[in-house]
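K.L.:
pasting the sequence and the predicted model now:
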Amino acid sequence: MGNNKYLDCKEIIATLFVTEVKMVGLDQDEIYALLEYPPDEKLGDLALPCFKFSKIFKKPPHVIAEEFQAKIASSPYIQEAIAIGPYLNFRFAPNKLAETVLKKILTTRERYGAQNIGNGRNIVIDYSAPNIAKPFHVGHLSSTVIGNSLYKLFTFLGYNCVGVNHLGDWGTQFGKLITAYNKWGSKLAVEEGLIQELMRLYVKFHEEAEKDPVLEDEAREWFNKIENGNQEAMELWKWFKEISLEEFQKVYEILDITFDSTAGESFYNDKIEAVVNELKEKNLLEESKGASIVNLDQYGMPPCLILKKDGSSLYATRDIAAALYRKKTYNFTKNLYVTGIAQSLHFQQWFKVVELMGYEWAKDLIHIPFGWVNLEGEKLSTRKGKVVLLEDLLETTIKRTLEIINEKNPGLVGKEEIAKEVGVGAVIFGALSVNRIKDVTFSWEEALNFDGETGPYLQYTHARACSILRKVAFEPDSNLDFEPKRLDDQAALKVVKTLYLFPEKIVAASNEYEPSIISRYLISLAQDFNGFYHECQVLVEDKALQQARLVLVYAVKTTLAVGLGLLGIKAPERM
RNA sequence: GCGUCUGUAGCUCAGGGGAUAGAGCAACGGACUUCUAAUCCGUAGGUCGUAGGUUCGAUUCCUACCAGACGCGCCA
């Protein structure tokens, strides 16, 4: 736990045991790990289950809890310790907690929760990575927004992040596209239809290839030509790529997501040979059925395909080349790959190959998998043209938001921009609110519902808080005078305790590469705040009371904005 | 066949060795002349997939099974 610059009550209690209780049989770290938040707040704010001590001292846990209680004196942050059955429950000193947490927020503001855990080390985050010549659809949303959130999160924790959009701009799909273009397409049609036309050709290819498998061979030949720099093939490839990139850029602009590098698969084309040679030198490469592979039998995995029988590369080859390049270029402490769970085996395989090549940093290659997106009962399929385009989804949610604004707040200035922030926020939050690994079913009804645990709910709560602060022109100031003891309502105290948890939550989110931990935290913060909002009037006659509550409102507003920012969601001041 | 992931309220999901299993949606009943009702309060709703095992204690860990999703050589 070390030197946490944020208030850490668990650490305080663990220290208390070492310095005051002594002779407890467990060290500070063990006690720290044992401390948990009780299921019901009435019981206390933190609890130490005493079962483990029972074994050490051969006494019933409730007796131990009582003995501990007798030895624990109150300290500035811990008001009391009460033994309840086999638990020793601690109650925070509410005034001290409120004072410490709120002053911290007044001082750090939009940096509340930030830490220098990374110490400037580099993390490469590989995310989004759409395939060129395929439309950007809801299936690409997860990678894009999870990666973006991790980028912001690790930056907030002191790492230097390198966001890489590893474009799928290489591979047999281009052979397929060129084959389809030559057979059923035309220059004019592509110029007019752009990515829609490319998608039509791609779908057409798969329809026809089912009837006539020879097309697959033709496609492979075309890809081979691209790899060998055939001029006709290269020109078409470049053209298709440009069309796609423009389309993707529109979506990234709406989402406000940027990358530090867009070195895609094609970028590594000239780095493949060196990898293959290195594999050969290290005696890892074998011939099998005409292809070149790395055998992984002894690791319980199928072989990793390095070269096809026609000598062209595969995605594992390019991934290895990319990893070597990135290590050399960025000297990363971690390289995260945000892709679907379907690719788990692929990553395990080539991570192992890198390890077998003798690179100890293979352990720093981390796959961050996420579940599938389905379309209400049906599977998403680019090949069958069965997709919801991300651009359509975003435009629809923005439109819907505008309708709601016109209904609820018609006089709002800057409606268009706010509708965009809220509509896009709804989509991003929807993708980040549940555990990465879960499969999700896309539903328009859910996507357009802005009630309850949604992005707009968080933004609305933020806008409400802003509204109060605006009415009195509240200015944050680290020397601001306020009386924490005035925040003695249950609802206000609950908010303070939840604010206290924020730094702990974002560290947990980074440890698990799980933005949904932040999402859920923000929902609980907003729920607590809205409870407070209904129960306690902020703008009141009693100026000291008002001041204390204003500080609380400011703290909530700030924490919500910081948290939303880490998710890649805007926090408008009015809506 | 082998492997991975998932199974908790009608639906979508939290929780993840410990004290009576929590939210939201949908349903029903309340609260706007008062800081934005995209809100809040209340009611109802669960043999935590099934069976064993480990443990003082299992919804949580282990094993088997069931169900669903996915992956297993020249697609990415």
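P.N.:
Happy to help now that I have it.
K.L.:
next one: whichever residue of the stretch 451-575 of chain A sits closest to RNA strand B from residue A:458, what distance?
P.N.:
Using C-beta to the nearest atom of the strand, the closest approach of the stretch 451-575 of chain A to RNA strand B is made by residue A:452 at 2.3 Å. All C-beta atoms are positioned from the backbone trio N, CA, C, and that covers glycine. From residue A:452 across to residue A:458, the span is 11 Å (C-beta to C-beta, to the nearest Å).
K.L.:
cool, and residue A:276?
P.N.:
Distance of residue A:276 to residue A:458, given as C-beta to C-beta: 50 Å.
K.L.:
same check, this time on residue A:287
P.N.:
Noted for residue A:287: a distance of 57 Å to residue A:458, by C-beta to C-beta.
K.L.:
more neighbours, the two?
P.N.:
residue A:458 (26 against 10; other C-beta atoms under 10 Å).
K.L.:
which pLDDT value goes with that one?
P.N.:
pLDDT recorded at residue A:458 is 98.
K.L.:
same check on residue A:24?
P.N.:
For residue A:24, the predicted pLDDT is 68.
K.L.:
for the nearest residue to residue A:69 once chain neighbours are set aside, which three-state class applies?
P.N.:
Nearest residue to residue A:69 in three dimensions, chain neighbours excluded: residue A:83, at 4.4 Å (C-beta to C-beta, 6 or more residues apart in numbering). Classification of residue A:83 using DSSP: H, G, I helix; E, B strand; the rest coil returns strand.
K.L.:
so what's the residue count around residue A:83?
P.N.:
Residue A:83 - counted by other C-beta under 10 Å - has 21 other residues nearby.
K.L.:
how about the stretch 201-350 of chain A: which residue is closest to RNA strand B?
P.N.:
residue A:308 (2.6 Å).
K.L.:
buried set for stretch A:186-201?
P.N.:
Residues of stretch A:186-201 classed as buried: A:189, A:190, A:195, A:197, A:198, A:199, A:200, A:201 (neighbour count, 16 or more other C-beta atoms under 10 Å).
K.L.:
which SSE is residue A:293 in?
P.N.:
strand A:291-294 (DSSP states H and E).
K.L.:
tell me what that strand is packed against?
P.N.:
strand A:285-288, strand A:304-307 (3 or more C-beta pairs under 8 Å, 6 or more residues apart in numbering; DSSP states H and E).
K.L.:
do the helix or strand following the last one and RNA strand B meet?
P.N.:
In other words, strand A:304-307. As assigned by DSSP H and E, the chain's next helix or strand after strand A:304-307 is helix A:315-330. Yes: shown here: helix A:315-330 in contact with RNA strand B (C-beta under 7 Å from any atom of the strand) through residue A:315.
K.L.:
what element comes up after helix A:315-330 heading to the C-terminus?
P.N.:
strand A:334-340.
K.L.:
buried sites along that following strand?
P.N.:
For strand A:334-340, by 16+ other C-beta under 10 Å, it's A:334, A:335, A:336, A:337, A:338, A:339.
K.L.:
what's the following helix or strand after it?
P.N.:
helix A:344-356.
K.L.:
contacting residues around that following helix?
P.N.:
A:279, A:282, A:284, A:294, A:296, A:299, A:301-304, A:315-316, A:319-320, A:323-324, A:337, A:339, A:362-363, A:365, A:367, A:369 (C-beta atoms under 8 Å, 6 or more residues apart in numbering).
K.L.:
within the sheet, what are the partner strands of the helix or strand following it, with directions?
P.N.:
Counting by DSSP H and E, the next helix or strand C-terminal to helix A:344-356 is strand A:365-370. If you go by DSSP bridges, strand A:365-370 pairs up with strand A:334-340 (parallel).
K.L.:
the partner strand - what's its average pLDDT?
P.N.:
On average, strand A:334-340 scores 97.
K.L.:
with stretch A:286-293 instead?
P.N.:
Throughout stretch A:286-293, pLDDT has a mean value of 94.
K.L.:
and that stretch, how far out from the chain's middle?
P.N.:
Distance of stretch A:286-293 from its chain centroid, counting by C-alpha atoms, centre = their mean, to the nearest Å, is 39 Å.
K.L.:
identify all contacting residues around that stretch.
P.N.:
By C-beta under 8 Å, 6+ apart, stretch A:286-293 touches A:276, A:285, A:294, A:295, A:303, A:304, A:305, A:306, A:307, A:308, A:309.
K.L.:
can we see that at 10 Å?
P.N.:
Stretch A:286-293 has contacts (C-beta atoms under 10 Å, 6 or more residues apart in numbering) with A:276, A:279-280, A:284-285, A:294-295, A:302-311, A:313-314, A:316-317, A:353.
K.L.:
that stretch: which residues count as buried?
P.N.:
Going by neighbour count (16+ other C-beta under 10 Å), the buried part of stretch A:286-293 is A:291, A:292, A:293.
K.L.:
okay, how far is it across that stretch, tip to tip?
P.N.:
Stretch A:286-293 stretches 5 Å from its first residue to its last (C-alpha to C-alpha, to the nearest Å).
K.L.:
is RNA strand B within reach of that stretch?
P.N.:
Yes: counting by C-beta under 7 Å from any atom of the strand, RNA strand B has neighbours in stretch A:286-293: A:288, A:289, A:290, A:291, A:293.
K.L.:
common neighbours of residue A:452 and residue A:458, please.
P.N.:
In contact with both residue A:452 and residue A:458: residue A:523, using C-beta under 10 Å, 6+ apart.
K.L.:
run the chain-centre distance for the helix or strand containing residue A:418.
P.N.:
Per DSSP H and E, residue A:418 falls inside helix A:415-432. Centroid separation for helix A:415-432 versus its chain: 16 Å, with C-alpha atoms, centre = their mean.
K.L.:
packing partners for it?
P.N.:
Contacts defined by 3 or more C-beta pairs under 10 Å, 6 or more residues apart in numbering; DSSP states H and E place helix A:415-432 against helix A:141-156, helix A:231-255, helix A:390-408, strand A:440-442, helix A:444-447, helix A:455-471, helix A:516-535, helix A:543-567.
K.L.:
check those for me and report the most buried one.
P.N.:
helix A:141-156 (a mean of 24; mean count of other C-beta atoms under 10 Å).
K.L.:
any residue of that helix touching RNA strand B?
P.N.:
No: figure legend: helix A:141-156 not in contact with RNA strand B (C-beta under 7 Å from any atom of the strand); closest approach 11.3 Å.
K.L.:
would you mind listing what in the stretch 251-400 of chain A touches RNA strand B?
P.N.:
Residues of the stretch 251-400 of chain A lying near RNA strand B (C-beta under 7 Å from any atom of the strand): A:265, A:288-291, A:293, A:302-303, A:305, A:308-310, A:312, A:314-315, A:341-346, A:371-372, A:379.
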